[in-house]
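Starting from these lines, generate the structure:
(chains A, B, C and D)
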2 protein chains.
Amino acid sequence: MPRPRTTETADRIRAAALELIAEKGVQQTSLREIAERVGITKPALYYHFASREELVRSLVRPLIDDVEAMLAAADAESGPRALLGAYFDVTYRNRHITQMIMRDLSVLALVDLTTAVATWRGRLVELLIGKDPTLAQQARAWMAIGGMDDCTAGFRDVPKEALREAVLDAALATLGR
Amino acid sequence: MPRPRTTETADRIRAAALELIAEKGVQQTSLREIAERVGITKPALYYHFASREELVRSLVRPLIDDVEAMLAAADAESGPRALLGAYFDVTYRNRHITQMIMRDLSVLALVDLTTAVATWRGRLVELLIGKDPTLAQQARAWMAIGGMDDCTAGFRDVPKEALREAVLDAALATLGR
DNA sequence: GTCTATACTGTGATAGAC
DNA sequence: GTCTATCACAGTATAGAC
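Numbering: from 1, shown residues only, chains lettered A, B, ... in the order given. Predicted coordinates for the structure are as follows:
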């Protein structure tokens, strides 16, 4: 077993990128700035990530994987409260990424992850209200899920448990439970 | 009275910009593309708009003004259904702009209109649930307002009246009425 | 395997001719 | 009101040093 390495450069790049993006948004953050903060040059960054898109994709990936794992383990019988609670936990755990996406949804298109997100949104809707929902049901589901994401991204100075309770309460009211 | 002029170039630029932005997003649309569609060169575009930001700001302005006018005329006594109905009408009337903003909230920062939007959101929350809301009330208000915007931007092939009914129903459920 | 030097393309933006 | 020419800088890309 090799001795523990100092932090990998790629990880340091990701960390710096997430910080800067949190401050200024995805499109407003240049690769030069990121490289500068890490203490390397722009082309050196290019060695670790083939493009700007690939860097951003590697930031978003953990959230996608986390949500998909949660959905795979989700039990349709467990009811909306448990389901939305699990969803909140995942997006809150990855809230820096959630904030980044909520601030600029078009990054999903940039990194070609729009369909992945649309897919798990659809799956969530199905678990919450079944197949072939009416327009009214769809609107309620969208409002509940999107609103949870919105609150997770927006209420940054609220302790987790208080936020969790408030958000779940609101989402369940939206769904009419 | 002068004879009716052909469409002003500035208006044609705005129209072309809105079309292209609807297709590809704000940050993904270049000034060259916009100028090309209008049939002029990039510097000619700069004669009409001092910067890219100013062009985008002039696109967002009508929505802001429309919402602010609606809020100024809003009666606190008229109740949440009338208030949210009026809000839906305004965002739906300007839905191309609403779509643009929902797709990339960071454009508001780009054109320095974040506080304007935050202000009327706050006013809306106050009209809906009063001053000094609890966290739970705030979450519900955010979910209702943000969810309406989300649905207005997202359900593009639903007739207005059907959408209006579905969205109002969901928003009122969220608020607990 | 990691980075530097260098260069290419396209972008927002300006100056000045017509 | 529109053009040509030009700028600085961004993202991207490769060649080669160590």
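
pLDDT value on A:Val111, please?
Looking at A:Val111, its pLDDT is 94.

Please read the previous query as pertaining to A:Met1.
pLDDT, read off for A:Met1, is 37.

same thing with A:Ala35?
96.

give me every residue that touches it.
A:13, A:41-42, A:44-45 (Cβ atoms under 8 Å, 6 or more residues apart in numbering or on different chains). Placement of C-beta: from N, CA and C, glycine included.

Any chance of JSON lines for those, columns neighbour count, distance to A:Leu110 and pLDDT?
Below are the contacts of A:Ala35 laid out as JSON lines (neighbours: other Cβ atoms under 10 Å in any protein chain shown; distance: Cβ to Cβ, whole Å; pLDDT from 0 to 100):
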{"residue": "A:Ile13", "neighbour count": "22", "distance to A:Leu110": "18", "pLDDT": "96"}
{"residue": "A:Thr41", "neighbour count": "12", "distance to A:Leu110": "24", "pLDDT": "95"}
{"residue": "A:Lys42", "neighbour count": "13", "distance to A:Leu110": "19", "pLDDT": "95"}
{"residue": "A:Ala44", "neighbour count": "13", "distance to A:Leu110": "23", "pLDDT": "95"}
{"residue": "A:Leu45", "neighbour count": "22", "distance to A:Leu110": "17", "pLDDT": "96"}
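
Domain ranges for chain A, per the record?
What automatic domain parsing lists as the domains of chain A is A:1-50, A:60-175.

Sticking with the residue nearest to the spatial centre of chain A, tell me its helix or strand.
The residue lying closest to the centre of chain A (Cα atoms, centre = their mean) is A:Thr98, at 3.5 Å. Assessed by DSSP states H and E, A:Thr98 sits inside helix A:95-103.

average pLDDT across that helix?
pLDDT averaged over helix A:95-103 gives 98.

which bits of chain A sit near chain B?
A:25-28, A:102-106, A:109-110, A:135-136, A:138-140, A:142-144, A:146-148, A:150-151, A:154-155, A:158, A:162-163, A:165-167, A:169-171, A:173-176 (Cβ under 8 Å from any Cβ of the partner chain).

Identify the single longest helix in chain A, thanks.
helix A:52-73 (DSSP state H).

now the helix or strand just after that one against helix A:52-73, angle please.
Toward the C-terminal end, the helix or strand that comes next after helix A:52-73 (DSSP H and E) is helix A:79-93. Angle, helix A:79-93 to helix A:52-73, by axes from the mean of the first three to the mean of the last three Cα atoms, to 10 degrees: 150 degrees.

Give me the contacts around helix A:79-93.
A:63, A:66-67, A:70, A:74-75, A:98, A:124, A:127-128, A:144-145, A:148-149, A:152, A:160, A:163-164, A:167-168, A:171-172, A:175, A:177.

orientation of that helix relative to helix A:95-103 in degrees?
100 degrees.

Buried ones from the residues of chain A next to chain B, can you make that a ChimeraX selection?
The ChimeraX command for the buried members of the residues of chain A next to chain B (criterion: 16 or more other Cβ atoms under 10 Å in any protein chain shown) is given here:
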select /A:25,26,27,102,103,104,105,106,110,135,136,138,139,140,142,143,144,146,147,148,150,151,154,155,158,163,166,167,169,170,171,173,174,175
